[in-house]
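Participant: quick one: sequence and predicted model below, then my questions.
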2 protein chains.
Amino acid sequence: MRNLRDKKTFWCYEKLSKCCCRLTKPRHAILDVLSATEKHLNAEQIYKSASRIEPNIGLATIYRNLELLVNIGLVWKFETGNSKTVYELAECRHESHHHHLICKKCNSIIDYSGFRDNEKDFIRRREEMLSKKYDFKIQNHCIDFYGLCAKCRNA
Amino acid sequence: MRNLRDKKTFWCYEKLSKCCCRLTKPRHAILDVLSATEKHLNAEQIYKSASRIEPNIGLATIYRNLELLVNIGLVWKFETGNSKTVYELAECRHESHHHHLICKKCNSIIDYSGFRDNEKDFIRRREEMLSKKYDFKIQNHCIDFYGLCAKCRNA
DNA sequence: GTCCTATTGAGAACTATTCTCATTAATAAA
DNA sequence: TTTATTAATGAGAATAGTTCTCAATAGGAC
Ligand SMILES: [Mn+2]
Ligand SMILES: [Mn+2]
Ligand SMILES: [Zn+2]
Ligand SMILES: [Zn+2]
């Protein structure tokens, strides 16, 4: 196992310890799995990949840690409507915040992140307005577009 | 039971028969339940309310019909992230299309529908742009804002 | 190295949803 | 109105994603 000094340089070690969360081997593996892909993985897929790094890891540990990582904001979780919850890294990626195009037929997900400035402005203004109008503290948002991907439309 | 002539005047009878769906008693009850509220109900809640109208209705029938009604576009379904899928009528309401403010703590949902024209324009333009860029036919969208409601913030 | 306790693995338990199948009833046709 | 067709139903079993339990382990502060 990596020694302590190495661990302290891990990209989210600080954030974890700030929350009194230890950088355990399963946790490290899960973060490695999510870091290594740009796909949206469900718990089972993360379990399989993480098992290659930590062969004895348990599925319950996957769920426990995903919940924890979502809570401290390192991971973004969302439901696709076909009962498979998927996860992706929230930070440390090409461009962290993004929206989704979701195909209703094949359930594939396209990340959309090339925001124009006016798009960010628009959403920020909308959030300000909504916060006031409904006395609601907005922390984040989820914008998904549903429809048919090119492949499914031509099939 | 209502006779045939009455049923044919039911607000979505045409839409149903167009899809070869019969206006059955359980179906009628579910639509009545959804029509009578502005809340977002889960399957269990719909089951309980519908049971008061049709005492022998089965839970499986609730799920079957909700799926059907979602497919033909009469009902809007969405997942709140706490594993309770909720449903609401898509048509025949104050203002059909709307977005949501969802409290992360108490899971309450606020409907937000007072769109300004520029908001609709903005989303329409965005959809046009995305459709082209990703060769994706957009059919609808889901915009949710997550955060803390007034009650939970002051508690 | 010692100690405290957060975290783990295994599997049982839970729960929302879907499936199966014999029976019933909505509707079109006669 | 009667009949025929087959979509739809209720009951309960089955499934699957997720959470829980608990004794054992290991991260990391000291
Ligand atoms: Mn994504
Ligand atoms: Mn709503
Ligand atoms: Zn597709
Ligand atoms: Zn709240």
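Facilitator: That came through, no problem. Ligands and ions are numbered 1, 2, ... in the order given.
Participant: contacts for the strand or helix carrying A:Asn65, please.
Facilitator: Following DSSP states H and E, one finds A:Asn65 within helix A:59-71. Contacts with helix A:59-71, where a contact means C-beta atoms under 8 Å, 6 or more residues apart in numbering or on different chains, come from A:21, A:26-27, A:30-31, A:43-44, A:46-47, A:50, A:75-77, A:87. Using the backbone N, CA and C atoms, a C-beta is placed for each residue, glycine as well.
Participant: now with 7 Å?
Facilitator: A:Cys21, A:Pro26, A:Arg27, A:Ile30, A:Ala43, A:Ile46, A:Tyr47, A:Ala50, A:Val75, A:Lys77, A:Tyr87 (C-beta atoms under 7 Å, 6 or more residues apart in numbering or on different chains).
Participant: ok now it, how far from the chain's centre?
Facilitator: 12 Å (C-alpha atoms, centre = their mean, to the nearest Å).
Participant: which residue is the nearest non-sequential neighbour of A:Lys151?
Facilitator: Excluding the flanking residues, the one nearest A:Lys151 by C-beta to C-beta, 6 or more residues apart in numbering or on different chains is A:Cys106, at 6.9 Å.
Participant: next: A:Cys152.
Facilitator: Distance criterion C-beta to C-beta, 6+ apart; nearest residue to A:Cys152, sequence neighbours excluded, is A:Lys105 at 4.0 Å.
Participant: after the helix ranked longest in chain A, which helix or strand is next?
Facilitator: Ranked by residue count, the top helix of chain A under DSSP state H comes out as helix A:117-134. Per DSSP H and E, the first helix or strand lying C-terminal to helix A:117-134 is strand A:137-148.
Participant: for that next one, list the C-alpha coordinates in PDB.
Facilitator: Provided in PDB are the C-alpha atoms of strand A:137-148 (Å, rounded to 0.1, in the frame of the first residue of the first chain):
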ATOM      1  CA  LYS A 137     -31.200  28.800  -1.500                       C
ATOM      2  CA  ILE A 138     -30.100  27.300  -4.800                       C
ATOM      3  CA  GLN A 139     -26.900  25.200  -4.600                       C
ATOM      4  CA  ASN A 140     -26.800  23.600  -8.000                       C
ATOM      5  CA  HIS A 141     -28.900  22.700 -10.900                       C
ATOM      6  CA  CYS A 142     -29.500  19.900 -13.300                       C
ATOM      7  CA  ILE A 143     -30.500  20.600 -16.900                       C
ATOM      8  CA  ASP A 144     -31.200  17.600 -19.100                       C
ATOM      9  CA  PHE A 145     -32.600  17.400 -22.600                       C
ATOM     10  CA  TYR A 146     -34.400  14.300 -23.600                       C
ATOM     11  CA  GLY A 147     -34.900  13.000 -27.100                       C
ATOM     12  CA  LEU A 148     -33.400  10.700 -29.700                       C
END
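Participant: give me the mean pLDDT for the helix or strand that the helix holding A:Asn65 is followed by.
Facilitator: Using DSSP H and E, the helix or strand that follows helix A:59-71 in sequence is strand A:75-79. Strand A:75-79 shows a mean pLDDT of 88.
Participant: what about strand A:75-79, distance to the chain center?
Facilitator: For strand A:75-79 - counting by C-alpha atoms, centre = their mean - the centre lies 5 Å from the chain centre.
Participant: identify the residue nearest A:Tyr13 in space, chain neighbours excluded?
Facilitator: That would be A:Leu23: by C-beta to C-beta, 6+ apart, it lies 5.6 Å from A:Tyr13.
Participant: surely that neighbour touches A:Cys12?
Facilitator: No. Taking contacts as C-beta atoms under 7 Å, A:Leu23 lies outside contact range of A:Cys12: 8.2 Å.
Participant: so the two - more neighbours on which side?
Facilitator: The neighbour comparison of A:Leu23 against A:Cys12 (other C-beta atoms under 10 Å in any protein chain shown) goes to A:Cys12, with 20 against 16.
Participant: next, count neighbours for the spatially closest residue to the more buried one that is not a sequence neighbour.
Facilitator: Nearest residue to A:Cys12, sequence neighbours excluded (C-beta to C-beta, 6+ apart): A:Leu74, at 5.9 Å. A:Leu74 sits with 22 neighbouring residues when counted by other C-beta under 10 Å.
Participant: ok, the one 10 residues further on next?
Facilitator: Using other C-beta under 10 Å as the criterion, A:Lys84 is surrounded by 14 other residues.
Participant: and it, what are its phi and psi?
Facilitator: Main-chain torsions, A:Lys84, degrees, to the nearest 10: phi -110, psi 110.
Participant: was I right about it contacting A:Glu44?
Facilitator: No. Assessed by C-beta under 7 Å, A:Lys84 is found out of contact with A:Glu44, at 8.4 Å.
Participant: near ligand 3, list only the ones from the contacts of helix A:59-71.
Facilitator: Among the contacts of helix A:59-71, no residue lies close to ligand 3 (C-beta under 5 Å from the ion).
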